[in-house]
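Undergrad: what's the 3D shape of this:
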Amino acid sequence: MTGGVTRAECCVVACAEAWRGDGEILAAPMGAVPRIGARLAKLTFAPGLLLTDGEAMIVDGDPEVVEGWLPYRAHLALVTGGRRHVMMGASQLDRHGNQNISCIGEWKRPRRQLLGVRGAPVNTLNNPTSYWVPRHSRRVFVEEVDMVCGVGYDRVAAAGPSAARFHQLRCVVTDLAVLDFGTPDRTLRVRSLHPGVTAEAVREATGFPLEIADDAPYTREPTTAELRLIREVIDPEGAREREVPS
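TA: Predicted structure coming up:
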């Protein structure tokens, strides 16, 4: 990477790009890097993006500037009508985009209890969804998830047209690459490699065969203006570097 740009800062830009072109839609980022990315998008190429303070207030790119009130019932209306783009985490993710955040092991007697299913099924079936994985590894990218929470393309296809109405898995951003579901069978492929990352490193860290083009581009690095916003305005405390250490 050039000019002292860190891997975390590339990840911030990749997350920001997930909301490019969304227009006036509610962004729901989960995790430090996605939150920084959403604010960066709002302050640069996506001024119409709606952000919240995590409770009931719509805020500007500066979270101290309140733009409006978003009560829970209004938030749910956006969720169920496809007017929100959420970026969730994933404890496990398979090639079809099925996500697990509930448990590891047989669900009747799991080896480890996690967050629980929570809102993942509603998120994936009702509004655009992306994923953020700060540690790309075979523990996360698995052949088959232990429990389906977020719904992937194979299960939506089996469920029929009503399930697919608002279902759209946009991208998966990790500390190694940006992936999407742009293959003919809607399975994961690498869209771009982060600067300094090889295709072999991504394949080695993935628990299933992964399509990576020979000419796969590198993820773009932040511009000088974006870098200033990240470092001086949005995240002067460096939360991004704690989530993705250099």
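Undergrad: in the chain, which spans are helices?
TA: Per DSSP state H, the chain carries helices over the ranges 7-17, 32-43, 72-80, 120-126, 153-159, 161-164, 199-204, 224-228, 239-243.
Undergrad: quick one: contacts of the shortest one?
TA: Think helix 161-164. For helix 161-164, the external contacting residues (Cβ atoms under 8 Å, 6 or more residues apart in numbering) are Leu125, Val151, Arg155, Val156, Ala157. In short, each C-beta sits where N, CA and C put it, glycine included.
Undergrad: Kindly report the same for the third one.
TA: By Cβ under 8 Å, 6+ apart, the surrounding residues in contact with helix 72-80 are Ile25, Leu26, Thr52, Ala56, Arg83, Arg84, Gly119, Val122, Asn123, Asn126, Asn127.
Undergrad: right, and the second one touches Val59 too?
TA: No - counting by Cβ atoms under 8 Å, Leu26 stays clear of Val59, with 11.7 Å between them.
Undergrad: between these two, what contacts are shared?
TA: Both Leu26 and Val59 are contacted by Leu51, Thr52, under the criterion Cβ under 8 Å, 6+ apart.
Undergrad: on that earlier part again, buried subset of the contacts of helix 72-80 as a PyMOL selection?
TA: The buried residues among these can be selected in PyMOL (16 or more other Cβ atoms under 10 Å) with this line:
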select buried, resi 25+26+52+83+84+119+122+123+126+127
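Undergrad: can the contacts of helix 72-80 go into JSON lines with extra columns for pLDDT and distance to Ala201?
TA: Output for those, formatted as JSON lines (pLDDT from 0 to 100; distance: Cβ to Cβ, whole Å):
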{"residue": "Ile25", "pLDDT": "89", "distance to Ala201": "34"}
{"residue": "Leu26", "pLDDT": "89", "distance to Ala201": "35"}
{"residue": "Thr52", "pLDDT": "81", "distance to Ala201": "36"}
{"residue": "Ala56", "pLDDT": "69", "distance to Ala201": "42"}
{"residue": "Arg83", "pLDDT": "84", "distance to Ala201": "37"}
{"residue": "Arg84", "pLDDT": "89", "distance to Ala201": "33"}
{"residue": "Gly119", "pLDDT": "86", "distance to Ala201": "33"}
{"residue": "Val122", "pLDDT": "88", "distance to Ala201": "35"}
{"residue": "Asn123", "pLDDT": "89", "distance to Ala201": "30"}
{"residue": "Asn126", "pLDDT": "90", "distance to Ala201": "35"}
{"residue": "Asn127", "pLDDT": "90", "distance to Ala201": "32"}
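Undergrad: thinking again about what came up before, drop anything exposed from the contacts of helix 161-164.
TA: Buried among the contacts of helix 161-164 (16+ other Cβ under 10 Å): Leu125, Val151, Arg155, Val156.
Undergrad: any idea how far the second one lies from Thr124?
TA: Per Cβ to Cβ, to the nearest Å, Val151 is found 4 Å from Thr124.
Undergrad: got any residues that touch both of those two?
TA: Each of Gly97, His167 lies in contact with both Val151 and Thr124 under the rule Cβ under 8 Å, 6+ apart.
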